[in-house]
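> Return a 3D structure for these sequence lines:
(one chain, ligands or ions: 1)
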Amino acid sequence: MEEGPYKYIRDGNGKVSRVIRIGTRKSQLARIQTDSVAAKLKELYPDVHLEIVGMSTTGDKILDTALHNAACIYGPCSCLSHRVDLVVHSLKDLPTTLPPGFTIGAVLERENPHDAVVLHPKHVGKTLETLPENSVIGTSSLRRAAQLKKRFPQLEFKDIRGNLNTRLKKLDEKEDYAAIILAAAGLRRMGWDNRISQILGPEDCMYAVGQGALAVEVRARDADILEMVSVLHHPETVLRCIAERAFLRHLEGGCSVPVAVHTEVKDSQVRMLGSGRHTHKHKYTHAQIHSQEEVDEGVQRVGVTASKISGEAQNKAERLGVDLAKLLLSKGAKEILTVARQLNDAR
Ligand code: DPM
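Residues are numbered from 1 along each chain as shown. Got it, this is the predicted structure:
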């Protein structure tokens, strides 16, 4: 029954159907994320045959490696059994340009995108503001360290490595760190909400592009799978993340400052803050632009294919990110800036 890249099975009545293979890394967070998407697909399409394929990748030892490098959905893969039809990723770990032939076919509703403070048990009840001076905060994210150092100069920041389980263990069982900073979304998915003692707002620490959203990566030409996963798209999350990814993509060529963002949707308007180094604010608002629905098949924006969401709304979101990046670059990439753009037909 093996034919081309696809796998089929025949049921008792002789009916042939395609098996959908979902690739996943073996870390606990990757499994949880993959299982949640598989459960949604199973609910929407009870008849499809889903198969979860564990992929050993060197990326498993550090949770922040660019996983797509190792995932067999890419490139020629000698091992057929590892060939998969979709891979679930944290959107923030996917590059703004995917290798040719691949696309993000779904961006799911965003979890809390903010960063969170997890305290050593002996400091319970404290915040970054009230921790003793010279307390050591664990993070290996340049973005988090850069913003928090500025905001809390009395604290020290040190690297902490390993997956989520390892980091929590290092925090609790030693005296090396007073607290660590992690994405609220990852903690929640692992069932560790109860360890979150503080959620950081944009004035303290803006989040990474795409943080908190899951993305489903597929072959760009696999129309059946693209159609199937497209119902998982959450339009508001898609538009926010297109704006954020366009912002990042435009800055990647321009500077090496850790990029941080904050987006909101209010009254059909996406608003976006973006940051480089300093914290001076600047306002920049765009006039409302009405848009018509248009067919938008096969078009990718910053790696995302969303043919059922207005192409014009997506274009506006993309321009929003690019405009903010340009503004930031023209200011020397040193300020927090704001841009807003109307997206009246966002849904
Ligand atoms: C990326 C970064 C980190 C991950 C860099 C950043 C954190 C690295 C670290 C691009 N990917 O955020 O500035 O702390 O050493 C990652 C996590 C999640 C996805 C864990 C986390 C879960 C949340 C989500 C690692 N990737 O950030 O605490 O799905 O957004």
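
> what's the average pLDDT for the longest helix seen in the chain?
In the chain, with assignment by DSSP state H, the single longest helix is helix 311-330. Confidence over helix 311-330 (mean pLDDT, whole number) is 92.

> Do a quick rundown of the strands in the stretch 101-250 of the chain.
Counting by DSSP state E, counting those that start in this stretch, the stretch 101-250 of the chain has these strands, from start to end: 102-107, 115-119, 136-138, 156-158, 179-183, 196-199, 214-219.

> For the ones you listed, give me CSV that also has mean neighbour count and mean pLDDT.
All C-beta spots, glycine's among them, are computed from the backbone N, C-alpha and C. CSV is the format used below for those (neighbours: other CB atoms under 10 Å; pLDDT from 0 to 100):
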stretch, mean neighbour count, mean pLDDT
strand 102-107, 25, 97
strand 115-119, 25, 98
strand 136-138, 20, 98
strand 156-158, 16, 98
strand 179-183, 24, 98
strand 196-199, 16, 98
strand 214-219, 24, 97
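
> closest one to the ligand among those?
When the strands of the stretch 101-250 of the chain are ranked by distance to the ligand, counting by CB to the nearest ligand atom, first place goes to strand 179-183 at 3.6 Å.

> Can you tell me the strand partners of that closest one and which way each runs?
For strand 179-183, the paired strands and their directions (DSSP bridges) are strand 115-119 (antiparallel), strand 136-138 (parallel).

> and His114, what does it touch?
Shown in contact with His114 (CB atoms under 8 Å, 6 or more residues apart in numbering): Ala183, Ala184, Ile199, Leu200, Gly201, Cys205, Tyr207, Gln211, Gly212.

> try Asp222
Contacts of Asp222 (CB under 8 Å, 6+ apart): Asp85.

> contacting residues for Pro202?
His262, Leu273.

> What's the separation between it and Thr34?
Plainly put, Pro202 is 30 Å away from Thr34 if you go by CB to CB, to the nearest Å.

> What of Lys174?
31 Å.

> Then Ile199?
Distance of Ile199 to Thr34, given as CB to CB: 26 Å.

> out of everything not next to it in sequence, what's closest to Ile52?
Counting by CB to CB, 6 or more residues apart in numbering, Ile52 lies nearest to Ile22, which is 5.1 Å off, once chain neighbours are set aside.

> following the helix or strand hosting that neighbour, which helix or strand comes up?
Assessed by DSSP states H and E, Ile22 sits inside strand 16-24. Where DSSP H and E defines the elements, the next helix or strand beyond strand 16-24 is helix 28-44.

> Now do the buried residues in that following helix.
Of the residues in helix 28-44, those with enough neighbours to count as buried (16 or more other CB atoms under 10 Å) are Leu29, Ala30, Gln33, Thr34, Val37, Ala38, Lys40, Leu41.

> these two touch, right, Leu187 and Asp115?
No - applying CB atoms under 8 Å, one finds Leu187 not in contact with Asp115, separated by 10.0 Å.

> Tell me the bridge partners for Arg10.
Beta-bridge pairing of Arg10 under DSSP bridges involves Val16.

> Show the pLDDT at it.
The pLDDT attached to Arg10 in the predicted structure is 83.

> Likewise for Ala340?
Residue-level confidence at Ala340 comes out at 71, pLDDT.

> measure the closest residue to Gly162 other than its chain neighbours to Glu203 for me?
The shortest distance from Gly162 to any residue other than its chain neighbours is 6.9 Å, reached at Lys170 (CB to CB, 6+ apart). Spatial separation of Lys170 from Glu203 under the definition CB to CB is 28 Å.

> So between those two, which is more surrounded?
Under the neighbour definition other CB atoms under 10 Å, Lys170 and Glu203 were set side by side, and Lys170 has more, 16 against 12.

> For this structure, what lies in contact range of the ligand?
Contacts of the chain with the ligand, taken as CB under 6 Å from any ligand atom, map to 63-64, 90, 92-93, 139-141, 143-144, 182-183, 185-186, 208, 211-212.
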